[in-house]
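[1] predicted model, plus sequence, below.
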Amino acid sequence: MDLVDTNCIIPEDVFRDILSRLPVRNLLQFRCVSKSWCALIDDPTFIQTHYNAQYALHKVHGDLPKLLWKHLLTIRRIYPIQCHLLSKQHGDDTVLNLTPDVERLTNSIFPNHPYISFDVFCRGIANGIICLQFRGMDVKQLGRGFFSCGLWNPASREVKIVAFPHLPDQRTRIPGGFGFDVVGFGFDPVSNDYKIVAIIPVKSDIVLLYMVYSLSTDFWKRVCQPSLLGINATVRCPGMDACFNGVHYWIANLLNNEYDPKIFRILSYNFSTEVFRFSDPPQGALPPVGYNSDKVMWNIGLHNESIALFFIRTAGEASVDIWTATEFEDGDFGAPLAWQCLISIKPIIERLGSWVGAQRMNGDLLFSMFDCELSLYNPTTGQFRRMGINFDICFGYVESLFPLSRRVVVLT
């Protein structure tokens, strides 16, 4: 492929390396230079090379960007969400407000109606692609709801709306379809595919339909509901990165028990084998008998590029323990079999919220305070630094060229 002029002295591999370090916006403009440039930029191998290079550049600069999301149920024409990107520039923390971008996106999807209330949820990020869930309702006609989910690449501005899985109306437990929830999103490295996991409650309170969407087939597929000893389980929507090596992880509660944060299992789903697995949490992390259940919170997600449990106590002396998985059922992935307490922070004087995690490369931890404001915690000094923005969801984000539809370039 003749990528550069024959008189140019830049070797082709060096030319590719230079392009891989450029932002997506510039590369999309360069697609217009020639058919050969367009073919290179659209080539799957180069797309992966570019993403790896961008990921490495962020690590060199000191941190990987975090997408911070705060969603609110609201009336049309009032911002339904707050979305910010926390990153480092030349060693300093910078915050980029992406709320207008999300507002423009939702305006293009939802009907322009003054009496529509709607939620916009961020359900996960994989390779720079954001999974969003939309739920809306006509406030003048209660029960008339609409809902959908979609995939969005903010860097390329490409959007794909995913059709809701077709099911008979009488099976849906909640009128208007508000029982539909996207609970997982990730990338399957085996099939080179992006997949969405959703649950739909039906009339029986202990039955859920688990559906998995594949971007490559553009199709929803029903999978067996996870159960432990015949007892069905449900999961919460993720609030942080919880997909690792093609396996998604959740905190799972059994449906024959009233919700109790002390009674749970770790649930994993392998996108490739389409198999759910249960595993036990670390026994040393469970709260003592008699501890106030309302003051116990769990999160599961990535910590130092490994799956971790974040255990938060807010009663009495507040504390946070972080347990990382050290052994898995299938080698480097699958159901976790062994855990190690990596960090224990106590006592914490500040009033904590329900979210903690996402350690940064400099060792700082991201906390949600009682008022949902982001605070960076330095374990060495024990000091909190408030950032002046609110959030309840946090995912790592690195921009990418990964397409949501196949682009074919024919060279002549």
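    Looks like it arrived, so ask away.
[2] the stretch 101-250 of the chain: strands as residue ranges?
    116-126, 129-138, 145-153, 158-162, 181-188, 193-201, 208-214, 219-223, 227-228, 231-235, 243-244, 247-254 (DSSP state E, counting those that start in this stretch).
[3] which helix runs longest in the chain?
    Of all the segments assigned as helix in the chain under DSSP state H, the longest by residue count is helix 44-61.
[4] nearest to Leu22, of the strands of the stretch 101-250 of the chain?
    Nearest of those to Leu22, taken as CB to CB: strand 145-153 at 16.4 Å. Yep, even glycine has a C-beta here, placed from its N, CA and C like the rest.
[5] show the average pLDDT along stretch 301-316.
    Computed over stretch 301-316, the mean pLDDT rounds to 82.
[6] with just CA atoms, put that stretch into PDB.
    The C-alpha trace of stretch 301-316 is given here as PDB (Å, rounded to 0.1, in the frame of the first residue of the first chain):
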ATOM      1  CA  GLY A 301     -14.700  -3.200  39.600                       C
ATOM      2  CA  LEU A 302     -11.200  -2.800  38.400                       C
ATOM      3  CA  HIS A 303      -8.300  -1.700  40.700                       C
ATOM      4  CA  ASN A 304      -4.800  -1.700  39.300                       C
ATOM      5  CA  GLU A 305      -6.000  -3.600  36.300                       C
ATOM      6  CA  SER A 306      -7.400  -6.400  38.400                       C
ATOM      7  CA  ILE A 307     -10.900  -7.300  39.700                       C
ATOM      8  CA  ALA A 308     -11.400  -5.900  43.200                       C
ATOM      9  CA  LEU A 309     -14.100  -5.600  45.900                       C
ATOM     10  CA  PHE A 310     -14.700  -2.200  47.600                       C
ATOM     11  CA  PHE A 311     -16.200  -2.500  51.000                       C
ATOM     12  CA  ILE A 312     -17.500   0.700  52.600                       C
ATOM     13  CA  ARG A 313     -18.600   1.000  56.300                       C
ATOM     14  CA  THR A 314     -20.300   4.300  57.200                       C
ATOM     15  CA  ALA A 315     -21.500   3.500  60.700                       C
ATOM     16  CA  GLY A 316     -19.400   4.600  63.700                       C
END
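[7] buried residues in the longest helix of the chain?
    Judged by neighbour count (16 or more other CB atoms under 10 Å), helix 44-61 contains these buried residues: 46-51, 53-54, 58.
[8] now those residues in a markdown table, with distance to Leu85 and pLDDT?
    Output for these, formatted as a markdown table (distance: CB to CB, whole Å; pLDDT from 0 to 100):
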| residue | distance to Leu85 | pLDDT |
| --- | --- | --- |
| Phe46 | 25 | 94 |
| Ile47 | 21 | 94 |
| Gln48 | 22 | 93 |
| Thr49 | 23 | 94 |
| His50 | 19 | 95 |
| Tyr51 | 17 | 95 |
| Ala53 | 19 | 94 |
| Gln54 | 14 | 93 |
| His58 | 12 | 85 |
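[9] and which of these is nearest Ser87?
    Top of the list for closeness to Ser87, among the buried residues of helix 44-61 and by CB to CB, is His58 at 7.5 Å.
[10] who touches the residue nearest to that closest one when sequence neighbours are not counted in this structure?
    Nearest non-adjacent residue to His58, counting by CB to CB, 6 or more residues apart in numbering: Leu64, 5.0 Å away. Taking CB atoms under 8 Å, 6 or more residues apart in numbering as the contact definition, Leu64 lies against 55, 58, 360-361, 396-398.
[11] tell me the spacing between Glu12 and Ile18.
    As defined by CB to CB, to the nearest Å, Glu12 lies at a distance of 11 Å from Ile18.
[12] between those two, which has more neighbouring residues?
    Comparing Glu12 with Ile18 by neighbour count (other CB atoms under 10 Å), the higher total belongs to Glu12, at 13 against 10.
[13] which non-adjacent residue is nearest the residue nearest to the spatial centre of the chain?
    Centroid-nearest residue in the chain, with CA atoms, centre = their mean: Gly124, separated by 2.0 Å. In space, not counting the residues next to it along the chain, Gly124 is nearest to Phe185; the distance is 3.3 Å by CB to CB, 6+ apart.
[14] isn't that neighbour right up against Ala198?
    No. The pair Phe185 / Ala198 is not scored as a contact, 9.7 Å apart, by CB atoms under 8 Å.
[15] for burial, what's the neighbour tally of Gln340?
    The local packing count at Gln340 equals 13, with neighbours defined by other CB under 10 Å.
[16] meant to ask about Thr381, not that
    Residue crowding around Thr381 was assessed by other CB under 10 Å; the count is 8.
[17] overlap in contacts of Glu12 and Ile18?
    Shared contacts of Glu12 and Ile18, defined by CB under 8 Å, 6+ apart, are not found at any residue.
[18] show me the contacts for the closest residue to Asn270 other than its chain neighbours.
    Spatial nearest neighbour of Asn270, chain neighbours left out: Val247 (5.2 Å); criterion: CB to CB, 6+ apart. Under the criterion of CB under 8 Å, 6+ apart, the contact list for Val247 reads 268-271, 333-334.
[19] cool, thanks, talk later.
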